[in-house]
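Student: sequence and predicted model, in that order:
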Amino acid sequence: EPEVTQTPSHQVTQMGQEVILRCVPISNHLYFYWYRQILGQKVEFLVSFYNNEISEKSEIFDDQFSVERPDGSNFTLKIRSTKLEDSAMYFCASGGVRYEQYFGPGTRLTVT
Amino acid sequence: KNEVEQSPQNLTAQEGEFITINCSYSVGISALHWLQQHPGGGIVSLFMLSSGKKKHGRLIATINIQEKHSSLHITASHPRDSAVYICAAPGRAGGGADGLTFGKGTHLIIQP
């Protein structure tokens, strides 16, 4: 069964460094999403992407964040200058039709 | 913006019991998601429903659009059902590529 994959599974970085989290959505899906979950808290929406552009973004998704679909298969989330509070599990999701979402296994980002 | 509330936050039951988890949301929606999250963090989509009732194995999800309320039921519960169950709804009414707003989750423990 097709699934969303994410790499790396765990990323450790120093404060101020740039990180890129990678996602491979399910083939032929059209809707893409990034979420994050700080330890012990609920999952929060970051950004959605459709038709090669951002569809919606939350107040969390400030200028430090960007998303890209560089080659038609990958979907990346970049954090330009990481802060301690960016430490979280980041989930990618994709959907083939409106409202549908399949989640990846997540990338645990630790900022030291 | 949609507000999603779940109850109870924690639930401990004995194996075999019938389990009900409730979810209410504030903004009219076209689809609601029930998700499962195990320790280790991965999120699995259980149901996406827009009306009535869906059943998959021992899991049943219902939704009442007029009352903005949904329930997840587990029949003949088993220790392997122990997980966090999360209700999530589109952030805005009629959202398509809009991200989901998540409830805080219900931490379910089924004791043998």
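Tutor: That came through fine. All values reported here derive from a predicted model rather than from experimental measurement.
Student: up against chain A, what does chain B have?
Tutor: B:30-31, B:33, B:35, B:41-45, B:48, B:50, B:86, B:88, B:90-92, B:95-105 (C-beta under 8 Å from any C-beta of the partner chain). C-beta coordinates here come from the backbone N, C-alpha and C atoms, glycine included.
Student: find the least confident helix or strand in chain A, judged by mean pLDDT.
Tutor: Lowest on mean pLDDT, DSSP states H and E among the helices and strands of chain A sits strand A:53-57, with a mean of 90.
Student: quick one: is it near chain B?
Tutor: Yes. Using C-beta under 8 Å from any C-beta, we find that strand A:53-57 touches chain B at A:55-56.
Student: partners of that strand in the sheet?
Tutor: In the sheet, strand A:53-57 lines up against strand A:44-50 (antiparallel) (DSSP bridges).
Student: tell me the centre residue of chain A?
Tutor: A:Trp34 (3.5 Å; C-alpha atoms, centre = their mean).
Student: specify the beta-bridge partners of that residue.
Tutor: Bridge pairing for A:Trp34 (DSSP bridges) gives the partners A:Val47, A:Cys92.
Student: how confident is the prediction for it, by pLDDT?
Tutor: pLDDT for A:Trp34: 97.
Student: sorry, back to before: beyond the least confident helix or strand of chain A, next helix or strand please.
Tutor: Using DSSP states H and E, the helix or strand that follows strand A:53-57 in sequence is strand A:65-68.
Student: which elements pack onto that following strand?
Tutor: strand A:44-50, strand A:75-79 (3 or more C-beta pairs under 8 Å, 6 or more residues apart in numbering or on different chains; DSSP states H and E).
Student: contact partners of the last one?
Tutor: Yep, that's strand A:75-79 we're talking about. Strand A:75-79 has contacts (C-beta atoms under 8 Å, 6 or more residues apart in numbering or on different chains) with A:18-25, A:32, A:34, A:46-47, A:49, A:64-70, A:86, A:90, A:92, A:94, A:109.
Student: in that strand, which residues are buried?
Tutor: Within strand A:75-79, the residues scored as buried using 16 or more other C-beta atoms under 10 Å in any protein chain shown are A:75-77, A:79.
Student: pLDDT and distance to B:Asn64 added to those, as TSV?
Tutor: Conversion of the buried residues of strand A:75-79 to TSV gives the following (pLDDT from 0 to 100; distance: C-beta to C-beta, whole Å):
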residue	pLDDT	distance to B:Asn64
A:Phe75	95	35
A:Thr76	97	39
A:Leu77	98	36
A:Ile79	98	40
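Student: between which two of those residues is the distance greatest?
Tutor: A:Phe75 and A:Ile79 (14.7 Å; C-beta to C-beta).
Student: JSON lines for the buried residues of strand A:75-79, including distance to B:Thr20?
Tutor: Formatted as JSON lines, the buried residues of strand A:75-79 follow (distance: C-beta to C-beta, whole Å):
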{"residue": "A:Phe75", "distance to B:Thr20": "36"}
{"residue": "A:Thr76", "distance to B:Thr20": "40"}
{"residue": "A:Leu77", "distance to B:Thr20": "36"}
{"residue": "A:Ile79", "distance to B:Thr20": "40"}
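Student: thank you, goodbye.
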